[in-house]
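here is the input, now give the coordinates:
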Amino acid sequence: MAVRPFLDQSVRTPEEAVDALEVRYAAASGALRAAVERYLGGGLPPSKAERAAFRYPELRMTYAPEGLVPTSPRAFAKFSVPGDYTTTVTQPAAFRDYLIEQLGPLMGDFNARVEVGISEQEIPYPYVFERGDELGRGGASAADLALHFPIPLLSEVGDEIADGLWDYDEERPRPLALFDAVRVDFSLRRLVHYTGTDWRDVQPWILLTNYHRYVDQFIRRGVETLRTDARYEALVLPGGTRLTARTSDEEVEAIFRASPWQRFQMPAYHLTTTSGQGISLVNIGVGPANAKNVTDHLAVLRPHAWLMVGHCGGLRQSQRIGDYVLAHAYLREDGILDSVVPTEVPIPALAEIQVALQEAAAAVTGDKGEALKRRLRTGTVVTYDDRNWELRWSKERRRINLSRAIAVDMESGTVAAQGFRFRVPYGTLLCVSDKPLHGEIKLPGAANAFYERAISEHLEIGIAALEHLRELHGTAHSRKLRSFDEPPFR
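Alright, predicted model coming up:
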């Protein structure tokens, strides 16, 4: 196998590898930022030699076994075949724990050689500035900057690796990770734009909802948690406001009233821990486009799980407003992912997630056996891209009947398909908010006291499920999500 010359640093431990990545990234991003600031201040643009330094660091692994490739029950951190594997890396300090988690087994179990160097992939200049308004100085336009500095190029950003569309070439290394540095940086900036919070505050255990009432409950619950559970350190709101255990009730109320969440399309709220294992809630709004958008970007953070906890229409007469639906299959009528995850590809239920949600429901509601079955029903959820699907009921009736669907929404199938696509464990627990086939439709004021209580209980179940999965860290990463020809990193 032909190997491109790689004359940089060999490392012996995962920690040493990440240290080397941090040094190289800091040098490259710092040099780029300094050159831009110099130019904005009236100085010279970078020389060709200077621009050569504006590149992402590269992580390279070589696996050359002397015998058979060892097998492993892990869902990640293993090689499919011998050879060279590479990826570019951004923000290695922020991804330190993740990188060490991946490198440890690959170096230990497979005795792979690791090298760190400088890649050929340039860092686009906007990605080294936190806010972006720093670029407005000096009267230089984006067109002026593009003449002298690397810019974001759509031709360089894609999901070919995740979607299995990359072309294998014996003369080139295989991909080490699903996302390279420029794809990650693209999404980190989008996360800030859409959620209104720093991407560094996003926690690895994620709840997605389509209704703002869940946000109200999450904030109330988060404030209480900060005062009663020492593991949690802050509740971060859109706009960057941070609540702690010392924040008074009066301050909380004032902050809540003044919260700028309305300025952001998909506001996010983060209950953080000192160990970096907290819970985030993202109000994705309504529709599969939003669901795909936010999960496209959350995926680069490599979360441990995302769960959809939102509202749905119940399709069975026996269901009541406020009952729960635990999805074990999806009839995807959203249309948004058909080209990359065709509808004939099954999206499997993940046993670990299903068990966590059902056990959490039993613990929070106090119901067991038949009582729990009356409140919590498992089955197929239909996900539409048309909110007014009821207007074509005569056309949809047979398909829904054939699927044995028990609920309908606009996000769950998309969220699950994205989890399958990006190897992020996923699950769905919905709350019945109306019964469109049985005369109980959404009308102003229709939410009764039982329904209001269900929202608080529903959110509590979602949080309890994530906390349960967190205690079993690692088991949520199912081998069902991995193909036979996978990058080693999860």
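
the domain parsing of the chain - what is it?
Partitioning the chain according to automatic domain parsing yields domains covering residues 9-191, 197-481.

any chance of these in CSV, with distance to residue 487 too?
Where you see a C-beta, it was placed from the backbone N, CA and C, and this is true even at glycine. As requested, these are exported to CSV (distance: least, Cβ to Cβ, whole Å):
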stretch, distance to residue 487
domain 9-191, 5
domain 197-481, 9
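
what ranges do the helices span in this protein?
14-40, 48-51, 96-108, 142-146, 181-195, 213-228, 249-258, 288-298, 351-365, 369-375, 393-403, 412-422, 449-471 (DSSP state H).

spit out the contact partners of the most centrally placed residue in the chain.
The chain has residue 298 as the residue nearest its centroid, 2.7 Å off, counting by Cα atoms, centre = their mean. Residue 298 makes contacts with 187, 191, 202, 206, 282, 306, 424, as judged by Cβ atoms under 8 Å, 6 or more residues apart in numbering.

the strands in the stretch 51-200 of the chain, which residues?
For the stretch 51-200 of the chain, strands defined by DSSP state E, counting those that start in this stretch occupy the ranges 55-63, 83-88, 113-122, 174-175.

out of those, which comes closest to residue 40?
strand 113-122 (18.9 Å; Cβ to Cβ).

what residues does that closest one touch?
When contacts are defined by Cβ under 8 Å, 6+ apart, strand 113-122 is touched by residues 6-11, 17, 20-21, 24, 28, 51, 54-64, 86, 88, 103, 107, 150, 156, 180-182.

rounded mean pLDDT for it, please.
Taken as a whole, strand 113-122 has an average pLDDT of 96.

can you give the strand pairings for it, parallel or anti for each?
When pairing is defined by DSSP bridges, strand 113-122 lines up against strand 9-11 (antiparallel), strand 55-63 (antiparallel).

the inter-axis angle of that strand versus helix 14-40?
20 degrees (axes from the mean of the first three to the mean of the last three Cα atoms, to 10 degrees).

tell me the contacts of residue 210?
Here residue 210 is in contact with 283-286, 310-311, 409-411 (Cβ under 8 Å, 6+ apart).

switch the cut-off to 10 Å
283-287, 290-291, 308-312, 409-412, 415, 430, 433 (Cβ atoms under 10 Å, 6 or more residues apart in numbering).

also residue 315?
325, 379-382, 400-401, 403-408, 432, 435-438.

and for the closest residue to residue 297 other than its chain neighbours, the neighbour number?
Excluding its sequence neighbours, the residue lying closest to residue 297 (Cβ to Cβ, 6 or more residues apart in numbering) is residue 187, at 3.9 Å. The local packing of residue 187 (other Cβ atoms under 10 Å) involves 19 other residues.

what's the answer for residue 389, then?
So residue 389, with other Cβ under 10 Å, has 18 neighbours.

low pLDDT regions in the stretch 351-490 of the chain?
438-452, 474 (pLDDT under 70).

coming back round to it: wait, which of the strands of the stretch 51-200 of the chain is closest to residue 259?
Closest to residue 259 of the strands of the stretch 51-200 of the chain, according to Cβ to Cβ: strand 55-63, at 36.0 Å.

that closest one - what's its average pLDDT?
97.

just how off-centre is that strand within its chain?
Distance of strand 55-63 from its chain centroid, counting by Cα atoms, centre = their mean, to the nearest Å, is 24 Å.

quick one: it to helix 181-195, angle?
Going by the same axes, to 10 degrees, strand 55-63 makes 120 degrees with helix 181-195.
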